[in-house]
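Student: here you go, sequence then predicted model.
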Amino acid sequence: MVAVQESPHPNDFANYSINETDYTRFFPLLGRFLAEAHATAKSRGLDPDGAIALTRQYLEDQDGATAATRRATASLTTRYSFAEGGLKGFTAGVSARYARGKPRAGVTIAGVKVLPAINTDDYLLTNPFVAYRRKVGRLNWTLQLNVNNVFNVKSDQGNGYTWVRYTKPRQYVTTATVAF
């Protein structure tokens, strides 16, 4: 993390990180259910091997398959607090968070590509805020308004097609704090 303070009032914070995650796909608990499906198909007079062929092939394709996901993120926060004059007690600032898109593995079943491999979109979330702080008697009062995802950026950042995770939509958050 980098922190910069040009004078007593502005504060800037920045960070950048990279992490890599390895995903291993295996289905040790499904063998029992596959055997049960085979027995059920046979008891109903169906071709048991044909009934489970696609599932068996999918499990064989996935057994021991690994995928690595590299994620890069960065954030920046800057704020300015007015210490004197007509705006004394006011603070204004913005935070921004960037995330680089990541690869999403395709899905192949029985040798047929069902869903293609893609990269998710990069995104930048911008979150401005304003606050007013005032001391009344022995109490310190703060009223703050945050607008999270001010540009209403929509991006799917889930780990796979079955694990969709969208960024949260624009939110307005008001906080009142009393300290004594």
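Tutor: Noted; the coordinates are in hand.

Student: from here on, contacts and neighbour counts on C-alpha atoms
Tutor: Will do.

Student: helices of this structure, start to end?
Tutor: 30-43, 48-62 (DSSP state H).

Student: for Asn11, find the nearest of the ones you listed.
Tutor: Closest to Asn11 of the helices of the chain, according to CA to CA: helix 48-62, at 49.2 Å.

Student: what angle separates that closest one from helix 30-43?
Tutor: 160 degrees (axes from the mean of the first three to the mean of the last three CA atoms, to 10 degrees).

Student: which of the helices of the chain is buried the deepest?
Tutor: helix 48-62 (a mean of 16; mean count of other CA atoms under 10 Å).

Student: list the helices and strands it packs on?
Tutor: Counting by 3 or more CA pairs under 8 Å, 6 or more residues apart in numbering; DSSP states H and E, the packing neighbours recorded for helix 48-62 are helix 30-43, strand 107-109.

Student: any chance of these in JSON lines, plus distance to Leu87 and mean pLDDT?
Tutor: Shown next, in JSON lines, are these (distance: least, CA to CA, whole Å; pLDDT from 0 to 100):
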{"stretch": "helix 30-43", "distance to Leu87": "65", "mean pLDDT": "86"}
{"stretch": "strand 107-109", "distance to Leu87": "57", "mean pLDDT": "85"}
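
Student: export the ones you listed to JSON lines and tack on distance to Ala117?
Tutor: What follows is the helices and strands packed on helix 48-62, written out as JSON lines (distance: least, CA to CA, whole Å):
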{"stretch": "helix 30-43", "distance to Ala117": "25"}
{"stretch": "strand 107-109", "distance to Ala117": "7"}
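
Student: dump the helices of the chain to CSV, plus distance to Phe13.
Tutor: Shown next, in CSV, are those (distance: least, CA to CA, whole Å):
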stretch, distance to Phe13
helix 30-43, 48
helix 48-62, 43
